[in-house]
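J.: sharing a sequence plus its predicted fold:
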Amino acid sequence: MAYIDGFVIAVPSANKEAYRQAAIAAAPLYKEFGATRFVENWGDDVPEGKVTDLRRAVKAEPDEVIVFSWIEYPSKAVRDEANAKAMRDPRMQAMGANISFDGKRMIFGGFVPSLHEGGAGRPGYVDGSLVPVPVGNKEAYHVIASRLAAVLLEHGATRVVDAWGDDVPDGKVTDFKGAVKATADEQVVFAWIEWPSKEARNAGWGKAMADPRMHPGSMPFDEGRRSHGGFVPMLVETAATDTGA
């Protein structure tokens with residue numbers, strides 16, 4: 001994994017199956033275009049925040065659920081070509097004409113992994129986060145993120161990924177920077193933690209938060225603007241194996 005396209009989407013709860021079926025149809029095409037992993041996660045534990053949160057990030061309506069998703073590629077060049085192919089492919093165009101959510105409120109962008117610890121098997125639960133980090137604090141953030149990742153893996157997480165914003169466009173209605181109220185000198189980190197199950201996640205966080213290594217003191221970003229939530233994987237497909245569920 002050398003490049004990631006990340007997405008946050010508000011989907012009407014009644015459209016869950018329609019969304020899943022569309023993802024099942026799209027995933028093989030992205031694999032054909034060069035993607036190595038395609039993951040869709042349905043919101044389960046997405047809290048309201050005092051300053052920012054994932055629901056506000058996409059202006060979610062009361063009947064909508066947050067989807068936190070990503071596509072993994074071996075390089076940015078492969079990602080760029082895949083997106084170009086997707087725009088030209090009539091199969092993708094047909095899908096785009098019948099989407100089950102408001103595409104204008106979807107936020108998306110390209111990210112470079114700066115931290116990737118653990119394996120890449122099928123997750124049973126995912127914690128997803130968006131973090132605003134001052135560009136000048138990138139190395140300090142990486143040092144702390146690496147330390148915290150080691151603790152989380154020790155307490156049951158199977159994979160921890162932090163990806164630094166690289167191609168994060170401004171949107172007309174919503175975008176990643178607005179999602180965390182990023183300032184001009186900040187970049188957005190798209191991050192996730194994979195767990196075997198929700199039960200393992202809850203137990204793991206309980207153990208991790210009791211571990212003094214999880215409390216390094218001051219953080220190199222504004223924790224109050226971090227947006228996060230817990231998600232149930234609804235589709236995980238890799239270039240080698242179809243594991244949709």
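T.: Good, I have the coordinates.
J.: what segments of the chain are strands?
T.: The residue ranges that make up the strands of the chain, judged by DSSP state E, are 3-12, 37-45, 64-73, 107-118, 125-134, 159-167, 186-195, 227-238.
J.: could I get those as a markdown table with mean neighbour count, distance to Y141 and mean pLDDT?
T.: The way it works is simple: take the backbone N, C-alpha and C, and place the C-beta from them, glycine included. Listed next are those as a markdown table, based on neighbours: other Cβ atoms under 10 Å; distance: least, Cβ to Cβ, whole Å; pLDDT from 0 to 100:
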| stretch | mean neighbour count | distance to Y141 | mean pLDDT |
| --- | --- | --- | --- |
| strand 3-12 | 23 | 17 | 98 |
| strand 37-45 | 21 | 23 | 98 |
| strand 64-73 | 24 | 19 | 98 |
| strand 107-118 | 19 | 8 | 97 |
| strand 125-134 | 23 | 5 | 98 |
| strand 159-167 | 21 | 8 | 98 |
| strand 186-195 | 24 | 7 | 98 |
| strand 227-238 | 21 | 16 | 97 |
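J.: want to throw the ones you listed into a markdown table with distance to A208?
T.: As requested, these are arranged in a markdown table below (distance: least, Cβ to Cβ, whole Å):
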| stretch | distance to A208 |
| --- | --- |
| strand 3-12 | 24 |
| strand 37-45 | 16 |
| strand 64-73 | 20 |
| strand 107-118 | 14 |
| strand 125-134 | 11 |
| strand 159-167 | 11 |
| strand 186-195 | 10 |
| strand 227-238 | 14 |
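J.: out of these, nearest to H142?
T.: Each of these was checked against H142 via Cβ to Cβ, and the shortest separation belongs to strand 107-118, namely 5.5 Å.
J.: would you give the sheet partners of that closest one, along with the direction of each?
T.: According to DSSP bridges, strand 107-118 has the following sheet partners: strand 3-12 (antiparallel), strand 159-167 (antiparallel).
J.: distance to S227 added to the ones you listed, as TSV?
T.: Shown next, in TSV, are the strands paired with strand 107-118 (distance: least, Cβ to Cβ, whole Å):
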stretch	distance to S227
strand 3-12	8
strand 159-167	14
